[in-house]
Structure formats: C-alpha cells, structure tokens
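Enquirer: Structure of the sequence below:
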Amino acid sequence: MKEEKTTLDNILNAAKKEFLAKGFKTSSLRNIVKTANVTTGAFYGYFKSKEELFDMLVKEQYKLLMKKYKQAQSDFSKLTPEQQKNGVGEISGECMTWMTEYVYENKDTFKLLLCCSEGTKYENMIHEMVEIEIEATHAFAKILKDLGSDEYKIDLQLEHMLVSGMFAAFFELIIHDVPYENAKQYVQDLRMFYTAGWQKIMGF
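Expert: Predicted coordinates:
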C-alpha cells in the first residue's frame, strides 16, 4: 500500500513539474512517466489520460474556490435591499480575503489553473468568475433601482472589461509571485479602488 502511494505521489509530483514548466498542451506524458520512474503501464493503472492527471492536480482547489465565491454572491443576494446598499463590499471583501489566503496556500495549483491549463476544462476559470460577477452586478442594479436610484446603464463591453480587469488584477498576484504580505495590502487597495469605481458608475 505504501509503495502504491509512493508511485502515485511520484507521478503527481512529476506531472506538476512538467505542467508548470510547459503547460498542459505541450507537456509530454513520456517525460512525466520518465521523471516519475514508472512504466507507461503503471501510469495507466492510475490515470486514463493526461487530462485526468491534470484534473487530479487541480480539481479540489478549483471546486472549493468556486464554491466559496458563489456562496459569497448568494449570501449577499439574501440581504435586504437596504443592507445590500449600505453594506456593499463587506461580504465580497471577506471573500477576497479568504481567496487571497487560499490561493497562496495552494500557489502551485493556482499557477497550473491560471498559466498552464490551456486545453483543459479549466482554461476559462476567470471567465466563469467574470460571468457570475456580471450577473450579480445586474441583480444589485435592480435592487438599487427599486430603492430609487437611477437606472443602471453601461456599455456591456465596457462592463465586461471592468469586471475582467478586477479578476485579472487579483490573479496577477499569483502569476507574478507577489510576496504574500504585499498581496494582502494590494487586495485591500484593489477593493477600495473597485468599490469606489462601481459606486460612481452605479450612482449610490
């Protein structure tokens, strides 16, 4: 049993090294097997494909990140209209703080997701988050209108650019290896910047 776990660990460690160096699309299964010092037959005893191997390395962290992010959106939507207007940024801020800690605890995994996942089902992770954020923004705009604010009007392409820019800025912390202590401050500054900007655009 111990030998089996060691073999699996060797494959996973070799795969992480190969994917981080070359990305999923151009990585070599032959190199992974060679680095892990296992036979091709042994590899296929654990995984059906390179895709399944990549999935094993990232799926747990991806699922938890998305679950927490979606939960923050859901929690905000359950507040009263007045609570949403007066407390905008609080729940999302707590979520961003948690996300910062979590991605730094799992830096290699998120580098795989952000930099090395082209050709996998994970390559559009940021786009998925952008779409969720835009949907939540529209729901919040409706709340504001019901409270008497002006109708939310924004060019959809600009809206997509602004939301994409927010997530791109956040994940740049991992992509460019920003030290964690710096990252915590940057996230606070990003939150203030985007909260003020959206308040201006949405008129509240």
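
Enquirer: Point out where the chain drops to low pLDDT.
Expert: Where the chain drops to pLDDT under 70, the residues are 1-4.

Enquirer: per the record, what domains does it have?
Expert: Under the assignment named as automatic domain parsing, the residue ranges that make up the domains of the chain are 1-48, 58-202.

Enquirer: Take these and lay them out in TSV including mean neighbour count.
Expert: Just so you know, the C-beta spots here come from the backbone N, C-alpha and C atoms, and that holds for glycine as well. As requested, those are arranged in TSV below (neighbours: other CB atoms under 10 Å):
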stretch	mean neighbour count
domain 1-48	15
domain 58-202	15
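
Enquirer: residues in contact with E94?
Expert: Listed by CB atoms under 8 Å, 6 or more residues apart in numbering, the contact partners of E94 are A72.

Enquirer: In PDB, list the C-alpha atoms belonging to the helix or strand hosting T35.
Expert: Here T35, judged by DSSP states H and E, is contained in helix 29-36. Included here for helix 29-36 are C-alpha records, laid out as PDB according to Å, rounded to 0.1, in the frame of the first residue of the first chain:
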ATOM      1  CA  LEU A  29       3.300  12.200 -20.900                       C
ATOM      2  CA  ARG A  30       6.500  10.400 -21.800                       C
ATOM      3  CA  ASN A  31       8.500  12.900 -19.800                       C
ATOM      4  CA  ILE A  32       6.100  12.600 -16.800                       C
ATOM      5  CA  VAL A  33       6.500   8.800 -16.800                       C
ATOM      6  CA  LYS A  34      10.200   9.000 -17.100                       C
ATOM      7  CA  THR A  35      10.600  11.600 -14.300                       C
ATOM      8  CA  ALA A  36       8.300   9.600 -12.100                       C
END
